[in-house]
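Colleague: from the sequence below, what's the structure:
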Amino acid sequence: EEIVVLKYNPIESLGKSFVSLIEITATTLQAVWRMATGTLSPKEAMTGPVGIFFIIQKATLMGFSYLLYIVGIISASLAIFNLLPFPVLDGGHLVFLGIEKIRGKALPVKVDEAISRIGVSLIIVLALYVCYIDLDRLGWIDKLMTFWNQMGL
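Modeller: Numbering: from 1, shown residues only. Below is the predicted model of the structure:
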């Protein structure tokens, strides 16, 4: 809860921001690895649009510099996520380009389309899951279940 204000000249700020970006990247990759290995729950590590809204709202109340910092963290995390080797993300495209380079020819169109459909479907499922996590974290799922039970649904 304690707020510390630090001021740097432009050159120091650039250096500090680069170090901060490296730390954010390392933390994000570590969280992705821990989720992949099962040592970290996705509920603890992921935040979706609803959670991001509340984080940005809180940062806005704290001041413009905090808002910029949060936007930077979100941007870095999204960039890292986009580079994961997952179909339809840029990292997935890089993997398929590598496969095509090794094979010496492009993947068949039907295979490429099927992989893209599966990738989009998984991204949609992930988005819905992350939204569910946000709503559950805020207690809205319990309220909705209580409402449905009261309505007899």
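Colleague: OK, contacts around the closest residue to residue 67 other than its chain neighbours?
Modeller: Spatial nearest neighbour of residue 67, excluding adjacent residues (C-beta to C-beta, 6 or more residues apart in numbering): residue 59 at 4.6 Å. Glycine gets a C-beta too; all of them are placed from N, C-alpha and C. Residue 59 makes contacts with 66, 67, 69, 70, as judged by C-beta atoms under 8 Å, 6 or more residues apart in numbering.
Colleague: for residue 49, same thing?
Modeller: 130, 131, 134.
Colleague: rerun at 7 Å
Modeller: residue 131 (C-beta atoms under 7 Å, 6 or more residues apart in numbering).
Colleague: all numbers from here: first residue = 266
Modeller: Sure thing, new numbering starts at 266, so read that last one as residue 314.
Colleague: distance of it from residue 399?
Modeller: To residue 399, residue 314 is 7 Å away according to C-beta to C-beta, to the nearest Å.
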